[in-house]
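Engineer: Predicted model follows, preceded by the sequence.
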Amino acid sequence: MFAGRMKSLFVRNSMLPLGAAIVLCMSASALLAPYIAPYDPNAIHLDHILEPPSSLFWLGTDRLGRDVFSRLLYGGRVSLWVGFVAVGISITIGTTLGLVSGYFRSWVDECIMRMVDIMLCFPSFFLILAVIAFLEPDMGNIMVVIGLTSWMGVTRLVRAETLSLREREFVAAARLAGVPAQTILLRHILPNALAPVLITATLGIAGAILVESSLSFLGLGVQPPTASWGNMLMDGKAVMESAPWLSVYPGMAILLTVLGYNLLGESLRDIFDPRLAR
(Lines give C-alpha, C1' and ligand atoms only; values in the text may rest on other atoms or scores of the structure.)
Protein backbone atom coordinates (compact mmCIF):
# COMPACT_ATOMS: atom_id res chain seq x y z
CA MET A 1 0.00 0.00 0.00
CA PHE A 2 2.81 2.40 0.93
CA ALA A 3 4.73 1.47 -2.24
CA GLY A 4 1.63 2.12 -4.33
CA ARG A 5 1.11 5.53 -2.71
CA MET A 6 4.73 6.52 -3.32
CA LYS A 7 4.48 5.40 -6.96
CA SER A 8 1.34 7.50 -7.35
CA LEU A 9 3.09 10.56 -5.89
CA PHE A 10 6.02 10.18 -8.29
CA VAL A 11 3.68 9.77 -11.27
CA ARG A 12 1.57 12.80 -10.32
CA ASN A 13 4.56 15.12 -10.01
CA SER A 14 7.27 14.69 -12.63
CA MET A 15 9.70 17.06 -10.85
CA LEU A 16 9.74 15.06 -7.61
CA PRO A 17 11.99 12.23 -8.92
CA LEU A 18 14.44 14.74 -10.42
CA GLY A 19 14.64 16.84 -7.26
CA ALA A 20 14.96 13.76 -5.04
CA ALA A 21 17.67 12.28 -7.29
CA ILE A 22 19.74 15.49 -7.22
CA VAL A 23 19.41 15.84 -3.45
CA LEU A 24 20.31 12.19 -2.82
CA CYS A 25 23.27 12.34 -5.21
CA MET A 26 24.72 15.52 -3.74
CA SER A 27 24.13 14.35 -0.16
CA ALA A 28 25.70 10.95 -0.80
CA SER A 29 28.73 12.58 -2.45
CA ALA A 30 29.23 14.84 0.57
CA LEU A 31 28.76 12.07 3.14
CA LEU A 32 31.09 9.70 1.32
CA ALA A 33 33.72 12.36 0.58
CA PRO A 34 36.45 10.67 2.71
CA TYR A 35 36.02 7.50 0.64
CA ILE A 36 35.48 9.10 -2.79
CA ALA A 37 38.03 11.94 -2.73
CA PRO A 38 41.32 10.84 -4.34
CA TYR A 39 43.39 13.37 -2.35
CA ASP A 40 43.37 15.23 0.92
CA PRO A 41 41.45 18.48 0.19
CA ASN A 42 44.27 20.58 1.67
CA ALA A 43 47.18 18.62 0.20
CA ILE A 44 49.45 20.93 -1.82
CA HIS A 45 51.03 19.71 -5.05
CA LEU A 46 53.51 22.42 -6.05
CA ASP A 47 54.40 20.67 -9.32
CA HIS A 48 50.73 20.71 -10.45
CA ILE A 49 49.66 24.32 -9.86
CA LEU A 50 46.65 25.45 -11.94
CA GLU A 51 46.67 22.22 -13.91
CA PRO A 52 43.56 21.73 -16.10
CA PRO A 53 41.32 18.66 -15.70
CA SER A 54 43.22 15.46 -16.44
CA SER A 55 43.29 11.77 -15.57
CA LEU A 56 45.42 12.62 -12.53
CA PHE A 57 43.28 15.52 -11.30
CA TRP A 58 39.75 15.01 -12.64
CA LEU A 59 38.62 18.63 -12.17
CA GLY A 60 42.05 20.27 -12.24
CA THR A 61 43.97 22.00 -9.45
CA ASP A 62 43.92 25.44 -7.87
CA ARG A 63 46.63 28.07 -7.30
CA LEU A 64 48.24 25.95 -4.57
CA GLY A 65 48.05 22.72 -6.52
CA ARG A 66 45.14 21.35 -4.45
CA ASP A 67 42.78 18.91 -6.13
CA VAL A 68 39.54 20.70 -7.06
CA PHE A 69 37.47 17.50 -7.11
CA SER A 70 38.47 16.57 -3.55
CA ARG A 71 37.84 20.11 -2.31
CA LEU A 72 34.47 20.14 -4.07
CA LEU A 73 33.38 16.99 -2.24
CA TYR A 74 34.54 18.28 1.15
CA GLY A 75 33.06 21.70 0.42
CA GLY A 76 29.71 19.98 -0.09
CA ARG A 77 29.95 18.58 3.44
CA VAL A 78 30.38 22.10 4.80
CA SER A 79 27.59 23.67 2.75
CA LEU A 80 25.06 20.91 3.45
CA TRP A 81 25.94 20.80 7.15
CA VAL A 82 25.45 24.57 7.44
CA GLY A 83 22.14 24.27 5.56
CA PHE A 84 20.75 21.49 7.74
CA VAL A 85 21.82 22.95 11.09
CA ALA A 86 20.74 26.51 10.25
CA VAL A 87 17.33 25.30 9.05
CA GLY A 88 17.02 23.09 12.13
CA ILE A 89 17.53 26.13 14.35
CA SER A 90 15.09 28.30 12.41
CA ILE A 91 12.43 25.56 12.24
CA THR A 92 12.70 24.89 16.00
CA ILE A 93 12.34 28.57 16.92
CA GLY A 94 9.67 29.32 14.32
CA THR A 95 7.55 26.26 15.12
CA THR A 96 7.67 26.89 18.87
CA LEU A 97 6.73 30.56 18.56
CA GLY A 98 4.07 29.84 15.93
CA LEU A 99 2.38 27.20 18.10
CA VAL A 100 2.39 29.43 21.18
CA SER A 101 1.23 32.48 19.24
CA GLY A 102 -1.61 30.75 17.42
CA TYR A 103 -2.90 28.74 20.36
CA PHE A 104 -2.84 31.25 23.23
CA ARG A 105 -3.66 34.38 21.16
CA SER A 106 -4.21 37.52 23.31
CA TRP A 107 -1.14 39.54 24.32
CA VAL A 108 1.18 36.58 23.68
CA ASP A 109 0.19 36.57 20.01
CA GLU A 110 0.58 40.34 19.78
CA CYS A 111 4.07 40.33 21.27
CA ILE A 112 5.34 37.49 19.08
CA MET A 113 3.88 38.86 15.86
CA ARG A 114 5.19 42.37 16.50
CA MET A 115 8.63 40.84 17.04
CA VAL A 116 8.22 39.04 13.71
CA ASP A 117 7.23 42.30 12.01
CA ILE A 118 10.30 44.06 13.43
CA MET A 119 12.63 41.29 12.24
CA LEU A 120 11.08 41.35 8.77
CA CYS A 121 11.83 45.08 8.47
CA PHE A 122 15.52 44.26 8.03
CA PRO A 123 16.73 42.60 4.81
CA SER A 124 17.87 39.14 5.95
CA PHE A 125 21.23 39.03 4.16
CA PHE A 126 22.28 42.49 5.36
CA LEU A 127 21.17 41.61 8.88
CA ILE A 128 23.36 38.50 8.72
CA LEU A 129 26.28 40.57 7.41
CA ALA A 130 25.86 43.06 10.27
CA VAL A 131 25.86 40.30 12.90
CA ILE A 132 28.77 38.38 11.33
CA ALA A 133 30.85 41.58 11.29
CA PHE A 134 30.93 41.47 15.12
CA LEU A 135 31.65 37.74 15.38
CA GLU A 136 34.48 35.45 14.41
CA PRO A 137 33.68 34.16 10.89
CA ASP A 138 33.64 30.41 11.52
CA MET A 139 31.17 27.68 10.58
CA GLY A 140 29.50 27.47 13.99
CA ASN A 141 28.72 31.18 14.11
CA ILE A 142 27.43 31.15 10.54
CA MET A 143 25.00 28.30 11.25
CA VAL A 144 23.67 29.99 14.38
CA VAL A 145 23.34 33.43 12.77
CA ILE A 146 21.53 32.11 9.69
CA GLY A 147 19.19 30.09 11.92
CA LEU A 148 18.47 33.01 14.26
CA THR A 149 17.63 35.37 11.37
CA SER A 150 15.38 33.11 9.28
CA TRP A 151 12.63 31.84 11.62
CA MET A 152 10.01 34.53 10.92
CA GLY A 153 8.38 32.88 7.90
CA VAL A 154 8.06 29.58 9.77
CA THR A 155 6.44 31.37 12.71
CA ARG A 156 3.79 32.96 10.53
CA LEU A 157 3.10 29.71 8.70
CA VAL A 158 2.76 27.61 11.88
CA ARG A 159 0.66 30.31 13.53
CA ALA A 160 -1.79 30.24 10.63
CA GLU A 161 -2.03 26.44 10.81
CA THR A 162 -2.49 26.56 14.59
CA LEU A 163 -5.26 29.18 14.36
CA SER A 164 -7.15 26.82 12.05
CA LEU A 165 -6.47 23.63 14.01
CA ARG A 166 -7.38 25.06 17.42
CA GLU A 167 -10.98 25.42 16.27
CA ARG A 168 -11.29 21.78 15.18
CA GLU A 169 -13.51 19.38 17.09
CA PHE A 170 -10.70 17.11 18.31
CA VAL A 171 -8.88 20.05 19.89
CA ALA A 172 -12.06 21.39 21.48
CA ALA A 173 -12.80 17.92 22.86
CA ALA A 174 -9.30 17.70 24.32
CA ARG A 175 -9.71 21.08 26.03
CA LEU A 176 -13.08 20.05 27.48
CA ALA A 177 -11.51 16.86 28.78
CA GLY A 178 -8.98 18.94 30.72
CA VAL A 179 -5.94 17.97 28.64
CA PRO A 180 -3.03 20.39 29.37
CA ALA A 181 -2.23 22.96 26.70
CA GLN A 182 1.29 21.57 26.25
CA THR A 183 -0.10 18.11 25.48
CA ILE A 184 -2.64 19.52 23.01
CA LEU A 185 0.08 21.44 21.19
CA LEU A 186 2.50 18.52 20.99
CA ARG A 187 0.12 15.62 20.36
CA HIS A 188 -2.78 17.15 18.45
CA ILE A 189 -1.74 20.37 16.71
CA LEU A 190 1.96 19.91 15.92
CA PRO A 191 1.60 16.60 13.99
CA ASN A 192 -1.11 18.16 11.81
CA ALA A 193 1.05 21.21 11.07
CA LEU A 194 4.20 19.32 10.11
CA ALA A 195 3.54 19.05 6.34
CA PRO A 196 3.95 22.79 5.58
CA VAL A 197 6.89 22.94 8.01
CA LEU A 198 8.61 20.12 6.11
CA ILE A 199 8.13 21.95 2.82
CA THR A 200 9.48 25.19 4.29
CA ALA A 201 12.49 23.34 5.72
CA THR A 202 13.31 21.79 2.34
CA LEU A 203 13.21 25.16 0.61
CA GLY A 204 15.07 26.76 3.54
CA ILE A 205 18.06 24.43 3.10
CA ALA A 206 18.57 25.79 -0.41
CA GLY A 207 18.40 29.35 0.90
CA ALA A 208 20.86 28.63 3.73
CA ILE A 209 23.36 27.09 1.28
CA LEU A 210 23.15 30.21 -0.89
CA VAL A 211 23.68 32.48 2.11
CA GLU A 212 26.66 30.46 3.34
CA SER A 213 28.20 30.44 -0.15
CA SER A 214 27.70 34.19 -0.46
CA LEU A 215 29.30 34.87 2.93
CA SER A 216 32.25 32.61 2.13
CA PHE A 217 32.68 34.31 -1.25
CA LEU A 218 32.86 37.67 0.54
CA GLY A 219 35.41 36.29 2.99
CA LEU A 220 32.98 36.42 5.94
CA GLY A 221 32.05 32.75 5.97
CA VAL A 222 34.03 29.54 6.26
CA GLN A 223 37.70 30.49 6.34
CA PRO A 224 40.53 28.88 4.31
CA PRO A 225 42.04 26.36 4.23
CA THR A 226 38.69 24.67 4.99
CA ALA A 227 36.99 24.09 1.65
CA SER A 228 33.53 25.47 0.95
CA TRP A 229 31.90 26.17 -2.37
CA GLY A 230 31.82 29.90 -1.63
CA ASN A 231 35.51 30.34 -0.88
CA MET A 232 36.37 28.09 -3.85
CA LEU A 233 34.50 30.58 -6.03
CA MET A 234 36.43 33.42 -4.41
CA ASP A 235 39.75 31.66 -5.10
CA GLY A 236 38.83 31.22 -8.76
CA LYS A 237 37.77 34.82 -9.31
CA ALA A 238 41.32 36.13 -9.83
CA VAL A 239 42.16 33.51 -12.48
CA MET A 240 38.80 33.25 -14.22
CA GLU A 241 40.25 33.64 -17.72
CA SER A 242 43.25 31.33 -17.37
CA ALA A 243 41.66 28.69 -15.08
CA PRO A 244 37.86 28.81 -15.48
CA TRP A 245 37.42 25.38 -13.89
CA LEU A 246 38.11 26.90 -10.47
CA SER A 247 34.84 28.84 -10.67
CA VAL A 248 32.75 26.68 -13.00
CA TYR A 249 32.66 23.52 -10.90
CA PRO A 250 31.81 25.11 -7.50
CA GLY A 251 29.22 27.25 -9.28
CA MET A 252 27.66 24.18 -10.87
CA ALA A 253 27.63 22.39 -7.49
CA ILE A 254 25.77 25.30 -5.87
CA LEU A 255 23.36 25.51 -8.82
CA LEU A 256 22.55 21.80 -8.81
CA THR A 257 22.12 21.56 -5.05
CA VAL A 258 19.86 24.61 -4.80
CA LEU A 259 17.90 23.44 -7.85
CA GLY A 260 17.45 19.98 -6.33
CA TYR A 261 16.12 21.28 -3.01
CA ASN A 262 13.87 23.81 -4.73
CA LEU A 263 12.40 21.15 -7.04
CA LEU A 264 11.89 18.80 -4.09
CA GLY A 265 10.28 21.51 -1.95
CA GLU A 266 7.97 22.71 -4.73
CA SER A 267 6.97 19.11 -5.50
CA LEU A 268 6.17 18.41 -1.85
CA ARG A 269 4.09 21.58 -1.72
CA ASP A 270 2.10 20.49 -4.77
CA ILE A 271 1.50 17.09 -3.16
CA PHE A 272 0.57 18.15 0.38
CA ASP A 273 -1.32 21.38 -0.34
CA PRO A 274 -4.85 20.42 -1.49
CA ARG A 275 -5.42 23.94 -2.86
CA LEU A 276 -2.76 23.26 -5.51
CA ALA A 277 -4.13 19.87 -6.51
CA ARG A 278 -4.74 19.54 -10.21
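Structural biologist: Perfect, I can see it now.

Engineer: From here on, just use CA atoms for contacts and neighbour counts.
Structural biologist: Fine.

Engineer: count of neighbours near Leu203?
Structural biologist: By other CA atoms under 10 Å, the residues close to Leu203 number 21.

Engineer: now swap in the one 10 residues further on and tell me
Structural biologist: Other residues near Ser213 come to 28 when the count uses other CA under 10 Å.

Engineer: residues contacting it?
Structural biologist: Shown here is Ser213, whose contacts under the criterion CA atoms under 8 Å, 6 or more residues apart in numbering are 79, 221, 228-231.

Engineer: A helix includes it, no?
Structural biologist: Yes. When classified by DSSP: H, G, I helix; E, B strand; the rest coil, Ser213 is found to be part of a helix.

Engineer: picking that back up, can you tell me which of the contacts of Ser213 is nearest Val248?
Structural biologist: Looking at the contacts of Ser213 and their distance to Val248, the nearest is Trp229, at 10.7 Å (CA to CA).

Engineer: any idea how far that closest one lies from Met119?
Structural biologist: Taking CA to CA, to the nearest Å as the measure, Trp229 and Met119 are separated by 29 Å.

Engineer: Mind checking which of these two has more residues around it?
Structural biologist: The neighbour count for Trp229 versus Met119, taken as other CA under 10 Å, is higher for Trp229 (32 against 16).

Engineer: Mind pulling the model confidence for that one?
Structural biologist: Looking at Trp229, its pLDDT stands at 92.

Engineer: for it, what are its contacts?
Structural biologist: Neighbouring residues of Trp229 by CA under 8 Å, 6+ apart: 72, 75-76, 79, 213, 216, 250-251, 253-254.

Engineer: try 7 Å this time
Structural biologist: When contacts are counted by CA atoms under 7 Å, 6 or more residues apart in numbering, Trp229 is found next to 72, 75-76, 213, 250.

Engineer: Can you add distance to Ala133 and secondary structure and give these back as JSON lines?
Structural biologist: Putting these into JSON lines (distance: CA to CA, whole Å; DSSP: H, G, I helix; E, B strand; the rest coil) gives the following:
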{"residue": "Leu72", "distance to Ala133": "27", "secondary structure": "helix"}
{"residue": "Gly75", "distance to Ala133": "23", "secondary structure": "helix"}
{"residue": "Gly76", "distance to Ala133": "24", "secondary structure": "helix"}
{"residue": "Ser213", "distance to Ala133": "16", "secondary structure": "helix"}
{"residue": "Pro250", "distance to Ala133": "25", "secondary structure": "helix"}
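
Engineer: Buried subset of the residues you listed as a ChimeraX selection?
Structural biologist: Remark: buried members of the contacts of Trp229, expressed as a ChimeraX selection using 16 or more other CA atoms under 10 Å:
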select :72,75,76,213,250
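
Engineer: Would you point out the most distant pair within the contacts of Trp229?
Structural biologist: Checking the contacts of Trp229 against each other with CA to CA, the farthest-apart pair comes out as Leu72 and Ser213, at 12.7 Å.
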